[in-house]
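Engineer: Got a sequence here, can you model it:
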Amino acid sequence: MDREIRGVLIDLDGVLYVGDTAIAGAREALEQLRARGIGCRFVTNTTTRTASEVGEKLARLGFDAAPSEVFSAVTATVDYLHAHDAVEKGVRLLVRDSVLSEFAAFPHDRDHPGFVVVGDIGAAWSYPLMNEAFRYLIDGAELIAMHRNKFFQAEDGLRLDIGAFVSGLEYVTGEKARIIGKPSPDFFRLGLDSLGLPAGQVAMVGDDIDSDVGGGQSAGLAGVLVKTGKYRPGHAAESPVEPDLVLDSFAALPDSLA
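Structural biologist: Prediction:
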């Protein structure tokens, strides 16, 4: 890369680990970056864990990461709802039970909610549930998507992500969802503000060429694509996004920034 990098925003699943297995060399690479004074923050579209639980997982897998360094789509969604009067308007939550406690401040209005909030609910998706969400949106509720990723890497292979359901709801209502996590520029700014660095001195490292790399570049960051996790050569070749740097894995990042 032709710019000085003083900080990195790091995606988690597929970059530092897959499932409950750390990617080879990732822990050591993070230690090297910190030893060289490069600021590190973690930005995740994960919607099945709270930010504190994400921090606990990182610690359990041996990564040096403080909870305050983790920026989650769940936390950002809660902040958005507070800023847009959801306490008064009510919400319909399509999220996992594991994160419901984060939304305790908002009335769960199942008659006339002001917001329909979509996260990862796995196999709980059904036609009746989609139809329920559709009717709320037609009645004027705002569609809030924690992200719109197409797919993710699980330990048993690729799995469909919530982007397909978000796009379906957009199609039938004619309204665009408010995207909270990556690739929203506002989400990247949370990490930048925490680092106290301008976008031009920060790289976004991820396995998703569109949301991570392309989203980061749109926010002014350098985009680093790693060939782990959900990375697939065919998908990367078809994407209009041109990464600033492509690495075999996160383990190669310290040497590439030397």
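Engineer: so where does Tyr80 fall, helix or strand?
Structural biologist: helix 73-83 (DSSP states H and E).
Engineer: Kindly provide the whole-number mean pLDDT of that helix.
Structural biologist: Per-residue pLDDT over helix 73-83 has a mean of 95.
Engineer: tell me the contacts of the residue nearest to the spatial centre of the chain?
Structural biologist: Central residue of the chain (C-alpha atoms, centre = their mean): Asn45, 1.9 Å from the mean position. Taking C-beta atoms under 8 Å, 6 or more residues apart in numbering as the criterion, Asn45 is in contact with 73, 146-147, 149, 181-182, 211. Glycine gets a C-beta too; all of them are placed from N, C-alpha and C.
Engineer: For the stretch 1-150 of the chain, which residues score under the pLDDT cut-off?
Structural biologist: For the stretch 1-150 of the chain, no stretch has pLDDT under 70.
Engineer: in the protein, what residue sits furthest out from the centroid?
Structural biologist: What lies farthest from the middle of the chain is Asp111; by C-alpha atoms, centre = their mean that is 29.7 Å.
Engineer: For that one, which three-state class applies?
Structural biologist: Look at Asp111: counting by DSSP: H, G, I helix; E, B strand; the rest coil, its state is coil.
Engineer: distance of it from Arg148?
Structural biologist: According to C-beta to C-beta, to the nearest Å, Asp111 and Arg148 sit 27 Å apart.
Engineer: is it true that Gly39 touches Leu195?
Structural biologist: Yes: using C-beta atoms under 8 Å, Gly39 is in contact with Leu195, at 4.5 Å.
Engineer: so what sits against both of the two?
Structural biologist: Residues touching both Gly39 and Leu195 (C-beta under 8 Å, 6+ apart): Gly7.
Engineer: Can you pull out the residues in contact with the helix holding Tyr80?
Structural biologist: For helix 73-83, the surrounding residues in contact (C-beta under 8 Å, 6+ apart) are 44-47, 49-51, 87, 91, 99, 102-103, 105-106, 115, 117, 119, 144, 146-147, 178, 180-182, 186-187, 190.
Engineer: now do stretch 180-192
Structural biologist: With C-beta under 8 Å, 6+ apart as the test, stretch 180-192 has contacts from 7, 9, 11, 41, 43-45, 47, 71, 73, 76-77, 80, 144-147, 198-199, 202, 204, 206, 208, 210-212, 214-216, 218-219, 221.
Engineer: next one: stretch 228-245
Structural biologist: For stretch 228-245, contacts defined as C-beta under 8 Å, 6+ apart pick out 1, 13-15, 18, 23, 151-153, 158, 203, 207-210, 213-214, 217, 222-225, 248-250, 256.
Engineer: Let's see that with 7 Å instead.
Structural biologist: 1, 13-15, 18, 23, 151-153, 158, 207-210, 213-214, 222-225, 249, 256 (C-beta atoms under 7 Å, 6 or more residues apart in numbering).
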